[in-house]
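# I'd like to go over a predicted model; first the sequence, then the structure.
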Amino acid sequence: MTVSTIDERRSHEVVVEVLGRRLAGVWVADGFRADDHPALGEWLQQKYFAHFLRELAKLQGEKTRGAVHFPRELAQVLREALALRDERPQREAATLAAKVQRLEAKLDALIAEGRRFTDPDHARWAKRLRKQRRHLLRFLRVEGAEATHNRAERALRPAVMVRKTGGCNKTRRGARTHAALASVLATLKQQERGALDYLASVLTAPGPPSSYHHRCSTPHDAGR
């Protein structure tokens, strides 16, 4: 399922409201801890890779001589993880699992708690990644999990273009209506369902549209 929101201050709350009560999946976390929210207790979490790569590139540019090795090696592990993700369709499950295990061992050695760091930035990075370790490479072990927001951002792009070319929304009510409609249309597209037929069935169904929508929803929607 895809959720659009015009009001960025409520973006996380909107997603929790729509998804958290009945669906389960993998949350690509970008500054928001899914496991801290009671409504998302069944959701797994994957840390957003793009931030790590950007920050490590910045750190590497700030360091000199031997101090560049640690951020460079960490970034290399993350890039190897993304490459391994791309290999998934061509690899047998056993071969893929072995490669993932070796990559995880390599990462664990880099950020090991017993490792002594002379650079405080390196120590902070190692501590940060140890804390988030179980959420770092989940996309390599959970089918359908992703390391970035790329697919969601592509799904939102049409709504953003409509908003821009239409001169933006004039009222808060219009913004909420645009966000709701964009979310419904994007979700229907992902589910390969006809938008006109679905909307017609909702508008002609007896009772509140929201209750009809819940009756139409299935657990299969969680993977969309």
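Right, received. Where do you want to start? Numbers count the residues shown, from 1 in each chain.
# can I get stretch 142-153 as PDB, trimmed to CA atoms?
Provided in PDB are the C-alpha atoms of stretch 142-153 (Å, rounded to 0.1, in the frame of the first residue of the first chain):
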ATOM      1  CA  VAL A 142      13.300 -10.700   4.200                       C
ATOM      2  CA  GLU A 143      11.700 -11.200   0.800                       C
ATOM      3  CA  GLY A 144      10.200  -7.900  -0.500                       C
ATOM      4  CA  ALA A 145      12.100  -5.700   1.900                       C
ATOM      5  CA  GLU A 146      13.900  -2.700   0.500                       C
ATOM      6  CA  ALA A 147      16.900  -0.700   1.500                       C
ATOM      7  CA  THR A 148      15.700   2.700   0.300                       C
ATOM      8  CA  HIS A 149      12.500   4.700  -0.300                       C
ATOM      9  CA  ASN A 150      13.000   4.700  -4.100                       C
ATOM     10  CA  ARG A 151       9.900   2.700  -5.000                       C
ATOM     11  CA  ALA A 152       7.700   4.800  -2.700                       C
ATOM     12  CA  GLU A 153       9.200   8.000  -4.000                       C
END
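# chain center to that stretch: distance?
Relative to the centre of its chain, stretch 142-153 is centred 5 Å away, using C-alpha atoms, centre = their mean, to the nearest Å.
# now do that stretch, average pLDDT.
Mean per-residue pLDDT for stretch 142-153: 75.
# and it, what's buried?
Buried residues in stretch 142-153, defined by neighbour count with 16 or more other C-beta atoms under 10 Å: A145, E146, A147, T148. No exception for glycine: its C-beta is placed from N, CA and C like everyone else's.
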